[in-house]
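1. Structure, please.
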Amino acid sequence: MIEITYISNAGILIQYEKVRILVDALQDAGGYPFSGIPEEITDQMFCSDNHSMYNDIDFLVFTHNHPDHITPDLVEKYLKFNKVKRIIWPEETNPIFEPLNVWIKENGIRTWNIKMERGKLHEYKLTEDIKLYSLCTKHMKQIFPKDLCNCLMISIKDKNVLILSDCNPEEEELLKIFAQVHVDIVFINPYFYYDTGGRQMLERYIQPEKVGIYHIPFAKDDQMCIRTLAHQMLKKIIYSQGEVFLLEESGENIRI
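-> Model (predicted):
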């Protein structure tokens with residue numbers, strides 16, 4: 001069984017047996033109208049006396065380097081309190097990442113750096129039973145339309161978890177590659193589901209059993225009324241292939 005726990009924004013924790021994978025979770029939203037990590041979780045992450053599910057994560061994974069997905073200072077702080085087997089993240093030339101890159105090199109932290117080239121597909125073997133695939137696409141056009149974003153598929157034995165993060169729903173020619181596999185659950189942001197092309201891609205190609213709509217701010221941070229949009233979508237838009245649900249509060253769990 002795979003257990004997935006929602007943290008905030010696009011941050012999720014995936015657990016399978018003794019392996020834990022933390023995706024896009026070490027972030028403080030960077031001044032954008034999204035939600036950082038809840039204090040009750042950071043209290044666990046940044047304490048060497050804790051032995052919670054958030055401590056000593058096996059793999060830290062990041063889809064792209066926007067501040068609502070990764071904050072360099074929080075990554076460094078996490079690494080000072082916890083051991084990790086490896087970090088899988090995009091190559092980054094932004095100067096704000098340089099101190100973190102230096103610290104990682106000095107402390108011998110192992111990384112796989114994903115080359116950010118649109119259309120590039122990479123495969124990483126995490127364990128005997130777990131593989132990670134990354135596919136580089138254009139970012140959502142609503143904001144940062146010139147940027148790139150990786151979508152991820154984590155294959156765990158016979159289960160596939162697809163994480164579309166902020167990938168552009170217009171990237172049909174790239175994303176329909178996932179029609180070749182059975183997708184048990186896909187995580188998308190509200191704008192992907194709101195987009196007609198995004199929904200058509202889900203129904204024609206990806207056809208997941210479950211659709212989790214995440215990257216929804218907590219109520220206190222929701223300046224753009226994304227929560228209202230998400231609830232209205234669920235009432236008005238029918239997805240015929242499977243279950244659709246919102247992830248709105250930290251700690252919500254899904255099991256597949």
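2. by contact count, what packs against the helix or strand bottoming out on mean pLDDT in the chain?
-> For the chain, using mean pLDDT, DSSP states H and E, the weakest element among its helices and strands is helix 226-236, scoring a mean of 90. Contacts defined by 3 or more C-beta pairs under 8 Å, 6 or more residues apart in numbering; DSSP states H and E place helix 226-236 against helix 190-194, strand 243-246. All C-beta atoms are positioned from the backbone trio N, CA, C, and that covers glycine.
3. what sits up against the longest one?
-> Here helix 190-194 makes contact (C-beta atoms under 8 Å, 6 or more residues apart in numbering) with 140, 142, 164, 167, 169, 198-199, 202, 211, 213, 215-216, 226, 229-230, 233, 237, 244.
4. Which ChimeraX command selects the buried ones in those?
-> Remark: buried members of the contacts of helix 190-194, expressed as a ChimeraX selection using 16 or more other C-beta atoms under 10 Å:
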select :140,164,167,169,198,199,202,211,213,215,216,226,230,233,244
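5. For stretch 108-124, list every residue counted as buried.
-> Buried, per 16+ other C-beta under 10 Å, within stretch 108-124: I109, I114, M116, Y124.
6. Kindly tell me how buried the nearest residue to the last one once chain neighbours are set aside is, as a neighbour count.
-> It refers to Y124. In this structure, Y124 finds its nearest non-sequential neighbour in L132, 4.4 Å apart by C-beta to C-beta, 6 or more residues apart in numbering. Neighbour count for L132, taken as other C-beta atoms under 10 Å: 23.
7. And F97, by the same measure?
-> 18.
8. just E170 next, same as before
-> 16.
9. so how far is L162 from it?
-> Separation of E170 from L162 (C-beta to C-beta, to the nearest Å): 17 Å.
10. Does I104 belong to a helix, a strand or coil?
-> With DSSP: H, G, I helix; E, B strand; the rest coil as the basis, the three-state label of I104 is helix.
11. pLDDT score for it?
-> Note for I104: predicted pLDDT of 96.
12. and what of G108?
-> 97.
13. Just the element for it, please.
-> Using DSSP states H and E, G108 sits within no helix or strand.
14. What separation do you get for it and V84?
-> 11 Å.
15. Distance to I2 and mean pLDDT added to the helices and strands packed on helix 226-236, as a markdown table?
-> A markdown table is the format used below for these (distance: least, C-beta to C-beta, whole Å; pLDDT from 0 to 100):
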| stretch | distance to I2 | mean pLDDT |
| --- | --- | --- |
| helix 190-194 | 22 | 93 |
| strand 243-246 | 16 | 94 |
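16. quick one: which of the ones you listed is nearest T42?
-> Nearest of the helices and strands packed on helix 226-236 to T42, taken as C-beta to C-beta: strand 243-246 at 23.5 Å.
17. which of the residues in the next helix or strand after that closest one are buried?
-> Downstream of strand 243-246, the next assigned helix or strand under DSSP H and E is strand 253-255. Residues I254 are the ones in strand 253-255 that count as buried (16+ other C-beta under 10 Å).
18. Also stretch 76-91?
-> For stretch 76-91, by 16+ other C-beta under 10 Å, it's E76, Y78, L79, N82, V84, I87, I88, W89, P90.
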